[in-house]
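Visitor: give me the fold of what follows.
(one chain, ligands or ions: 2)
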Amino acid sequence: MKTLGYAAHNNHSPLVPFSFERRELTPTDVRIDILFCGVCHSDIHQVRDEWGSSVFPMVPGHEIIGKVTTVGSAVSAFKPGDTVGVGCLVDSCGTCPECRDHLEQYCNNAIFTYNSPDKHSGGSNYGGYSKQIVVDQQFVLQVSDKLDPAAAAPLLCAGITTYSPLMHWKVGKGDKVGIVGLGGLGHMGVKFAHALGAHVVLFTTSPGKADDAKRLGADEVVVSKNPDEMQKHLASFDFILNTVAAPHNLDAYTALLKRDGTLCLVGVPDKPHPSPAIGNLIFKRRAIAGSLIGGLKETQEMLDFCAEHNITSDIEIIPIQKINEAYERVLKSDVKYRFVIDLASLKPE
Ligand code: NAP
Ligand code: ZN
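Guide: Numbering: from 1, shown residues only. Ligands and ions are numbered 1, 2, ... in the order given. Take a look at the predicted model:
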C-alpha cells in the first residue's frame with residue numbers, strides 16, 4: 001500500500017515529503033492510521049548521522065499514536081477503531097533470555113521502528129513521520145481513551161525511557177531523586193518521580209525553566225552551572241537520572257550521590273562524556289549505569305499508570321511542514337517540552 005511521509009535523504013539536508021510502500025498485512029499484523037508522532041532528540045541524532053549508523057532515505061518517528069484500520073486474520077487483541085501506540089520497537093527474536101524476560105529492547109536482534117533492517121521488504125524500515133504504519137500485534141500498545149492522543153504520543157519513548165529506570169531502581173516515597181535536563185525525557189522523568197512519591201530535584205542549564213519544573217512536580221530546582229548550588233546537595237541523592245543529549249562532566253553528579261547511589265544515563269550524546277573520576281565511585285560504592293527505553297509489557301504498564309494518574313506530556317503541536325524548524329528549536333533546548341506532529345497536516349501534493 002502506498003503511503004506518504006517526510007524523509008531525510010542525507011545527513012545535512014532538510015526533511016522533505018516522501019512516498020513509499022507499507023507492506024501487505026500478514027496474519028499477525030495491525031494497520032494503523034497515524035494521528036500524531038512525537039519528535040525525539042534521537043530522531044535528530046539519527047537524521048544528522050551522529051551515531052554513525054544512519055541509512056537514507058530515513059523516515060524518523062517512534063512516538064506514534066493512531067487508530068487501527070485493519071487487522072490480520074490471526075489478530076484478536078485489536079480491532080478497527082482502537083486507539084493504539086507504537087514506540088521504538090517493532091520486532092525482536094522472541095526466544096532469547098531478554099525476550100523471555102519481557103526486555104525486548106535488550107534483544108540482540110531487536111528491530112527498532114526506523115533505521116533498522118526491514119525483514120519484510122529488505123532495506124531499512126520507516127517510522128512514524130508518515131500517514132500509515134503496519135506493525136506486528138505484539139509490538140502494538142493499547143492507549144486508554146482517558147489520555148489525550150496527541151499528548152500521549154511522547155509516552156511511547158520519552159515516557160517509557162524515564163519510567164523504566166525509575167521502576168528498575170525502585171524509586172518511591174522517601175527517596176531523593178535528581179533529574180538532569182528539562183527536555184522531552186527530563187520533563188517526563190520529573191512527572192513520574194513526583195507521581196511515585198519521591199523528593200524530586202531538577203538540574204537544568206536553563207534558569208528560565210525553574211517555574212515550569214516546579215509546576216511539573218519538582219520540589220527543588222538547581223542550576224547546574226552554579227557550583228555553590230550543586231555543593232549544597234553533596235552525597236544526598238539515592239538516584240539521579242541524566243537525560244542530557246550532550247557530553248558533559250559526570251563527576252558533578254556522582255559526587256551528589258549517597259553511598260550506594262546510582263547515576264543512570266539515558267542521554268546518548270554524539271561524542272563520549274569526559275572520563276568520570278574513579279574516586280567518586282570507589283569511596284561511596286556509587287555506580288554509573290545506563291538504560292534503554294523499556295520492553296512491551298512495561299510500556300503497557302506505563303501507559304496504564306499514566307491513564308490512572310492522568311499523566312501525559314506537555315506538548316507543542318506542529319504541522320509536519322514545520323519539522324525542520326522544530327529540530328533547530330530542540331537543539332537550542334527551546335521546546336516546552338515535546339514537539340508532536342499532527343499528521344492531518346500531511347496531504348498528497
Ligand atoms: P531534549 O528534549 O533535547 O532534552 C535534552 C535536555 O538536555 C535539554 O532540554 C537541556 O535541558 C539539556 N541539555 C541540552 N544540551 C545540554 C548541554 N550541552 N549541557 C547540559 N544540558 C544540556 O532531548 P530528549 O528528546 O529528551 O533526549 C535526550 C537524550 O536522550 C538524547 O540524547 C536522546 O537521543 C536520548 N534518548 C535515549 C533513550 C534511551 O532509551 N536511553 C531514549 C530516547 C532518547 P536544560 O535546558 O534543562 O538544561
Ligand atoms: Zn525517542
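
Visitor: going forward, measure contacts and count neighbours with C-alpha atoms only.
Guide: Will do.

Visitor: list the buried residues in stretch 171-185.
Guide: Neighbour counts using 16 or more other Cα atoms under 10 Å place 171-172, 175-185 of stretch 171-185 among the buried residues.

Visitor: from the stretch 51-200 of the chain, which residue is nearest to ligand 2?
Guide: Using Cα to the ion, the single residue of the stretch 51-200 of the chain nearest to ligand 2 is Cys157, 4.6 Å away.

Visitor: considering only the buried residues of stretch 171-185, which also neighbour ligand 1?
Guide: Under the cut-off given by Cα under 6 Å from any ligand atom, ligand 1 has Gly181, Leu182, Gly183, Gly184, Leu185 from those close to it.

Visitor: can you pull the residues of this structure lying near ligand 2?
Guide: Within the chain, the positions lying close to ligand 2 (Cα under 5 Å from the ion) are Cys40, Cys157.

Visitor: tell me the residue in the chain that is farthest from the middle.
Guide: Distance to the chain centre peaks in the chain at Phe283, reaching 33.2 Å (criterion: Cα atoms, centre = their mean).

Visitor: now do the helices in the stretch 51-200 of the chain.
Guide: 97-100, 149-152, 158-168, 184-195 (DSSP state H, counting those that start in this stretch).

Visitor: okay, the ones you listed, which one's buried deepest?
Guide: Mean neighbour count, computed with mean count of other Cα atoms under 10 Å, is highest for helix 184-195 among the helices of the stretch 51-200 of the chain, reaching a mean of 27.

Visitor: show residues contacting that one.
Guide: Contact with helix 184-195 is made by 40, 154, 158-159, 161-163, 166, 171-172, 177, 179-181, 199-200, 202, 213, 216-218, 241-243, 309, 311, 313, 337-338, as judged by Cα atoms under 8 Å, 6 or more residues apart in numbering.

Visitor: coming back round to it: need the ones next to ligand 1 among the buried residues of stretch 171-185 in a markdown table (columns: pLDDT).
Guide: Below are these laid out as a markdown table (pLDDT from 0 to 100):
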| residue | pLDDT |
| --- | --- |
| Gly181 | 98 |
| Leu182 | 98 |
| Gly183 | 98 |
| Gly184 | 98 |
| Leu185 | 98 |
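
Visitor: pipe these into TSV and attach distance to Lys131 per row.
Guide: Output for these, formatted as TSV (distance: Cα to Cα, whole Å):
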residue	distance to Lys131
Gly181	32
Leu182	30
Gly183	26
Gly184	23
Leu185	25
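
Visitor: what's around Lys119, how many residues?
Guide: 11 (other Cα atoms under 10 Å).

Visitor: any figure for the gap between the residue farthest from the centre of the chain and ligand 2?
Guide: Going from Phe283 to ligand 2 by Cα to the ion, to the nearest Å gives 35 Å.

Visitor: quick check, pLDDT for the residue of the stretch 51-200 of the chain closest to ligand 2.
Guide: With respect to pLDDT, Cys157 scores 98.

Visitor: from ligand 1, how far off is it?
Guide: Per Cα to the nearest ligand atom, to the nearest Å, Cys157 is found 6 Å from ligand 1.

Visitor: look up how far Val201 lies from that residue.
Guide: Using Cα to Cα, to the nearest Å, Cys157 is found at 22 Å from Val201.

Visitor: the two - which one has more neighbours?
Guide: A count of neighbours by other Cα under 10 Å puts Cys157 above the other of Cys157 and Val201, at 28 against 25.

Visitor: pretty sure that one contacts Glu63?
Guide: Yes: contact between Cys157 and Glu63 holds when scored by Cα atoms under 8 Å: they sit 5.8 Å apart.

Visitor: overlap in contacts of the two?
Guide: Common neighbours of Cys157 and Glu63 (Cα under 8 Å, 6+ apart) are Cys40, Gly87, Cys88.

Visitor: mind putting those residues in CSV, neighbour count and pLDDT included?
Guide: Compiled in CSV, the shared contacts of Cys157 and Glu63 are given as follows (neighbours: other Cα atoms under 10 Å; pLDDT from 0 to 100):
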residue, neighbour count, pLDDT
Cys40, 23, 98
Gly87, 30, 98
Cys88, 25, 98
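
Visitor: keep only the residues you listed that also lie close to ligand 1.
Guide: Near ligand 1, by the rule Cα under 6 Å from any ligand atom, you find Cys40 out of the shared contacts of Cys157 and Glu63.

Visitor: partners of Val16 in the sheet?
Guide: On the basis of DSSP bridges, Val16 takes part in beta bridges with Ala7.

Visitor: so what's it up against?
Guide: Here Val16 is in contact with Tyr6, Ala7, Ala8 (criterion: Cα under 8 Å, 6+ apart).

Visitor: relative to Thr262, which of the residues you listed is nearest.
Guide: Within the contacts of Val16, proximity to Thr262 (Cα to Cα) peaks at Ala8, which comes in at 37.4 Å.

Visitor: can I assume that closest one is in contact with Pro17?
Guide: No: the criterion here is Cα under 8 Å, and Ala8 misses it with Pro17 at 9.0 Å.
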